[in-house]
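Participant: kindly return the folded structure for what I paste below:
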Amino acid sequence: MRVKRGFKARKFRKKILKRAKGFYSANSRCFSTAIEKSDRALAYQYKDRRTRKRNMRRLWIQRINAGARLNDSSYAQLIHALSKKEIPLNRKMLADLAVTQPQAFSQVVQQAIK
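Facilitator: Okay, the predicted model is just below:
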């Protein structure tokens, strides 16, 4: 029996072309190139979500280190002291404190290092 796949094929093609909307030239109009380019874009999207997490953590560490050095300490000493005292502050929160509220950050440093 012959199967023409009209509805299913059209639905799949529309999904791919919608995903490729905004791509340059035939990459957004030609179905076969749109498949390749949109698959590649999804791969980059997945990879770069992880890269963004990595970069943000590096930024937080730099900010914490800068704040710690203003309080006569270092990043490593501060993190070690926080873990020993079991103070539940993650790097994101510490970096935010170091940038927006330096007095509160210095109090945290004093609490940890005492």
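Participant: do you know the pLDDT at Arg2?
Facilitator: If you check Arg2, the pLDDT there is 84.
Participant: again, but for Val99
Facilitator: Value listed for Val99 in the pLDDT field: 97.
Participant: which other helices and strands does the helix or strand hosting it contact?
Facilitator: Per DSSP states H and E, Val99 falls inside helix 91-100. The contact analysis (3 or more C-beta pairs under 8 Å, 6 or more residues apart in numbering; DSSP states H and E) places helix 91-100 against helix 31-70, helix 102-113. For the C-beta atoms, the positions are set from N, CA and C on the backbone; glycine is no exception.
Participant: list the buried residues of it.
Facilitator: Within helix 91-100, the residues that count as buried by 16 or more other C-beta atoms under 10 Å are 91, 94-98.
Participant: how about Arg2, secondary structure?
Facilitator: coil (DSSP: H, G, I helix; E, B strand; the rest coil).
Participant: packing partners for the helix or strand His80 falls within?
Facilitator: Element membership for His80 (DSSP H and E) is helix 75-85. Secondary-structure packing of helix 75-85 (3+ C-beta pairs under 8 Å, 6+ apart): helix 31-70, helix 102-113.
Participant: most tightly surrounded among these?
Facilitator: Of all these, helix 102-113 carries the top mean neighbour count, a mean of 16, counting by mean count of other C-beta atoms under 10 Å.
Participant: report all helices and strands that that one contacts.
Facilitator: helix 31-70, helix 75-85, helix 91-100.
Participant: and the angle for the last one with helix 102-113?
Facilitator: Meaning helix 91-100. Here the directions of helix 91-100 and helix 102-113 differ by 130 degrees (axes from the mean of the first three to the mean of the last three C-alpha atoms, to 10 degrees).
Participant: go ahead and name everything in contact with helix 91-100.
Facilitator: Taking contacts as C-beta atoms under 8 Å, 6 or more residues apart in numbering, the residues outside helix 91-100 that touch it are 56-57, 59-61, 63-64, 66-68, 89, 104-105, 108.
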